[in-house]
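Novice: Have a look at this prediction, sequence included:
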Amino acid sequence: MPLFFKPEKPMKMIWRVQGQESPSWLVGTAHFFPYSFKKSLARYFQEVDTVLFEGPLDQESLTRVAQAGHDRQAPHLFTLLDRRTIGRLAQVLGPSLREARILGLLSLTTSAAEAYVHDLVQGMKPWMAFFTLWTYFLEKQGWRYSVDLEAYDLARERGKEIVFLETLEEQIDVLESLSREKIVNFLKQADRWKFYSRRYVKGYLAGDLEMLLSLTGHFPSRTAPVIQGRDHILYRRLRPFLEKGKAAACVGAPHVPGIRQLLHHDGCLTRSEHA
């Protein structure tokens, strides 16, 4: 890694919410990211007693989500895809020459790359297979951090009260509801993932919600039931904490516009920390 490379960045996807006595914070998180925000988050967490998250982030819960996404009887994701899409996925996600040698692959033919990607998602439901491929792609691009997990670990280290806004069962139900059509359409654009991910990083680092929303509309989880429908649920559950003050609500960045709108409707102003 070059000496000038700094994986730590300032958090700009954050809004100050005026509570009854003390301010609270609304943080738009990203499940995966190429940079860390630990120092910024630590500074804001010094001012709070409670940190809220969309759903459980402990290892046992994450394992249960993974288990829910596996089903040996489920049709393989490739059965939903045409040959061109499978070829694109193989080109984008197939092993490098070095990886092929480590894996003992005799060649890097298209068929070998397709078989490699096929095996990555064997025995998974379509939604789990999609997230596995997308996560694998991001890891290959150097996305080693998670804003959610970083905030969760920091809250635990600092002894903050941790509140989960949804149950694990509710979160799994959301994943099960993802549209297969949107999953397939996103996979068809695998050759544009690198462009998309770079633009996403630029928008997130700038705290630019409009850019993020313009980029993520085609993402499989960006649907009205998943975003707007849950905005109201999350808001109803986090509002008492924000009103009380000294709380930080960490929700996926796509939920921030809706939650801010609901806060404003109820007379609670929010202000970007980096406007």
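Specialist: Right, received. Where do you want to start? Keep in mind the model is a prediction, meaning the values are calculated, not measured.

Novice: quick one: pLDDT of R237?
Specialist: Listed pLDDT for R237 reads 98.

Novice: residues contacting it?
Specialist: L165, E166 (C-beta atoms under 8 Å, 6 or more residues apart in numbering). (Glycine included, C-beta is placed from N, CA and C.)

Novice: For my notes, confirm it occurs in a strand.
Specialist: No: counting by DSSP: H, G, I helix; E, B strand; the rest coil, R237 is located in no strand; its state is helix.

Novice: Pull up the gap between it and L262, please.
Specialist: As defined by C-beta to C-beta, to the nearest Å, R237 lies at a distance of 12 Å from L262.

Novice: Pull out the buried residues from stretch 122-132.
Specialist: By 16 or more other C-beta atoms under 10 Å, the buried positions in stretch 122-132 come out as M124, K125, P126, W127, M128, A129, F130, F131, T132.

Novice: And the residue nearest the centre of the chain?
Specialist: Centroid check for the chain by C-alpha atoms, centre = their mean gives H31 as the closest residue, at 2.7 Å.

Novice: That one contacts A151, doesn't it?
Specialist: No: taking contacts as C-beta atoms under 8 Å, H31 lies outside contact range of A151: 11.5 Å.

Novice: Mutual contacts of those two, please.
Specialist: In contact with both H31 and A151: no residue, using C-beta under 8 Å, 6+ apart.

Novice: Am I right that G258 is in contact with V226?
Specialist: No: counting by C-beta under 8 Å, V226 is not a contact partner of G258; they are 11.5 Å apart.

Novice: picking up where we left off before, can you tell me which of the buried residues of stretch 122-132 is nearest E170?
Specialist: Nearest to E170 among the buried residues of stretch 122-132: W127, at 15.1 Å, using C-beta to C-beta.

Novice: Tell me who's in contact with that closest one.
Specialist: W127 is in contact with G69, L175, E176, L178, I183, P220, counting by C-beta under 8 Å, 6+ apart.
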